[in-house]
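[1] coordinates only, sequence not included:
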DNA sequence: CATATAGTCGAACACAATGTTCAATTATAA
DNA sequence: TTATAATTGAACATTGTGTTCGACTATATG
C-alpha cells in the first residue's frame, strides 16, 4: 500500500537531517541551532540541505506535518473503533494532552519557553481550523451571540496552547487527565456564556448531545467528559 | 524634581536611537530590523549603540520599561483621583485595553502577528506579577481550590494577551470597552469556578467587595464592571 | 573662560552564519 | 549495465554581529 516512488537516498538524507535536528533540539533551544549544526551532525553536504529544504524552519515544519498526520491518523482510528461499537469516549482536548505528553521532549523544546513563535503560530492556525466549524455549528441554534465566534475560537485555542506550554515548561507536573479537567473548569462556563443562550436546555450545550455531526476531523466533542463543580 | 545627572549627549543619543527604532518598527517587523538599520537611521556610530545597549532587544526593552512607567503612573493618578472621592470605577483590564489602544502602532508592530516572542514574554511576566497577589488574596477565603492559582493566573494573562493581539492584528475592530466586555464574558465564569466555592455569596466573588486590599498596583478589581448575561 | 572628563565617531577587525554555484562523484532504479 | 538523479565539498559573495582603539568634540564644572 505504500507509494514507493521516492529514491532511497532521498528518504535516507531526509531522515538523517530530521534526526540531527531532533537530537539537537533536546540539547539546546531551537533558535540556537544553525543549519551548520544540522548538516554537521547529519553528516550531509551543505548543498544537500538546501536541495531539500529552504531553511531551518522548513525542516522543522515538515517534521510537524509528519507529527500532525500521525495524530490525525490515531484520531481516525479512535473514531473508527468508536463507530464499531466500542465505548471509547472521545475527547479531543484530552487526546491533545496525551499526544503532547507522548512527544513531550520535542514539544517542550519547540513550543515551550524557548520557542520561536513559528510553531505556536502553526499550531494555533491548525487548531483554529479544527475548532471553527464545530463552534459555528454549535452557534447555529443560538439566539444571542454575545461574543463573535472568531474570538471565541481564538480564545479557546490560545487557552489550550497556553496551558500546554505551561505544562511542558514545568515538566508536566500533572497527568494529561488533570490538565484536561483544568482546561474544562477554566473555559467551559465562559464558552457557554460566550455562545449565547438558546432554544434548548440551559447547560451542557457544548456537549455533543447526539453523536452525529462529527465535524471534519472526527471531532465529536470539545467538552466530552462530564463537567461538575466539586 | 528631576534628577538632572545625565549628560545631555546621552539623552540625545538614546532618544535618537529609540526614535529610529520606533520609526522602523512601523515600517517593517521588529525581527527584520538590524542594529545596522537603527544606527543608520539614528545617524550614530556603531560603537555608540553598543555603548548604550547590549543588543536590539535591550533597546526595545528599555522602551517598554518607559511605557510601563507611564502606564503605572497613570494608574496611580486614577487611583488617587478615586480616593479623593471621585466615582472613578477602576477596571484594570479596561485600562489595559485603553492603554494599548493609545499606543496601538507600537504594540501592533511588536506584539502582533509579526512579533518576536520576547515582548509577549515580558508582558506575560509583568501581568502575572500584577495578578498573582490579587488572586492569592481572593483564594484565601475559599474552601476548595479546583485549579492551582498559578494556572489560573497563567490562563487569565494568556487570555488577555491573546485577545490583545487578536484585537491589534485586526486593527481594533471593536472599542476597548467592548473588548473588556468580551474578556469578562469569556473568563469570568471560568475563573469563578476555578477559584472554588467559598463561605460568602455564590457569585461576584472576584469583584472587590470592599475597597481596601488595593494590591501592589492600585489593582482594585479585575472584573469591576457589572457582569450580566444578556 | 579654561579644562578635564566623558561621550561619540568611524574605520577596521574577527567571526559566524547564510544561501548559491558547479564540476566531480556516487548510488539508484530500471 | 547504464542513464539518471542525488550527493558532495569547496569556494564564494553577502550580511550581520560585537569589539577595539585612537582621534575628536560636547559638556559640566570650577
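    In hand now; what should we look at? If you're wondering where the values come from, they're calculated on a predicted model, not measured in any experiment.
[2] Residue A:93 versus residue A:180, what's the distance?
    Spatial separation of residue A:180 from residue A:93 under the definition C-beta to C-beta, to the nearest Å is 5 Å. No exception for glycine: its C-beta is placed from N, CA and C like everyone else's.
[3] With residue A:25 instead?
    Plainly put, residue A:25 is 25 Å away from residue A:93 if you go by C-beta to C-beta.
[4] Mind checking which of these two has more residues around it?
    residue A:93 (22 against 19; other C-beta atoms under 10 Å in any protein chain shown).
[5] Please identify which helix or strand holds the more buried one.
    Under DSSP states H and E, the secondary-structure element containing residue A:93 is helix A:92-102.
[6] So which bits of that helix are buried?
    Applying a neighbour-count criterion of 16 or more other C-beta atoms under 10 Å in any protein chain shown, one finds A:92-101 buried in helix A:92-102.
[7] Adding pLDDT and distance to residue B:67, write the residues you listed out as JSON lines.
    Compiled in JSON lines, those are given as follows (pLDDT from 0 to 100; distance: C-beta to C-beta, whole Å):
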{"residue": "A:92", "pLDDT": "86", "distance to residue B:67": "39"}
{"residue": "A:93", "pLDDT": "90", "distance to residue B:67": "36"}
{"residue": "A:94", "pLDDT": "91", "distance to residue B:67": "40"}
{"residue": "A:95", "pLDDT": "91", "distance to residue B:67": "41"}
{"residue": "A:96", "pLDDT": "92", "distance to residue B:67": "36"}
{"residue": "A:97", "pLDDT": "94", "distance to residue B:67": "36"}
{"residue": "A:98", "pLDDT": "93", "distance to residue B:67": "41"}
{"residue": "A:99", "pLDDT": "93", "distance to residue B:67": "39"}
{"residue": "A:100", "pLDDT": "93", "distance to residue B:67": "35"}
{"residue": "A:101", "pLDDT": "93", "distance to residue B:67": "38"}
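[8] May I see the residues you listed organised as JSON lines, with distance to DNA strand C added?
    Listed next are these as JSON lines, based on distance: C-beta to the nearest atom of the strand, whole Å:
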{"residue": "A:92", "distance to DNA strand C": "36"}
{"residue": "A:93", "distance to DNA strand C": "36"}
{"residue": "A:94", "distance to DNA strand C": "38"}
{"residue": "A:95", "distance to DNA strand C": "35"}
{"residue": "A:96", "distance to DNA strand C": "31"}
{"residue": "A:97", "distance to DNA strand C": "33"}
{"residue": "A:98", "distance to DNA strand C": "34"}
{"residue": "A:99", "distance to DNA strand C": "29"}
{"residue": "A:100", "distance to DNA strand C": "27"}
{"residue": "A:101", "distance to DNA strand C": "31"}
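[9] for these, which one is nearest residue B:176?
    Of all the buried residues of helix A:92-102, residue A:93 has the smallest distance to residue B:176: 30.8 Å, by C-beta to C-beta.
[10] Could you double-check that the closest one sits in contact with residue A:183?
    Yes. Distance between residue A:93 and residue A:183: 5.6 Å, which falls inside the contact criterion (C-beta atoms under 8 Å).
[11] Need the overlap of contacts for the two.
    Applying C-beta atoms under 8 Å, 6 or more residues apart in numbering or on different chains, one finds that residue A:93 and residue A:183 are jointly contacted by residue A:160.
[12] Get me the contact residues on chain A for chain B.
    With the criterion set to C-beta under 8 Å from any C-beta of the partner chain, chain A comes near chain B through A:113, A:115-117, A:121, A:144, A:146-147, A:151-152, A:154-155, A:158-159, A:162-163, A:166, A:182, A:185-194, A:196-197, A:229-230.
[13] are any of the residues you listed buried, and which?
    Looking at the residues of chain A next to chain B with 16+ other C-beta under 10 Å, the buried ones turn out to be A:115-117, A:146-147, A:151-152, A:154-155, A:158-159, A:162-163, A:166, A:182, A:185-194, A:196-197.
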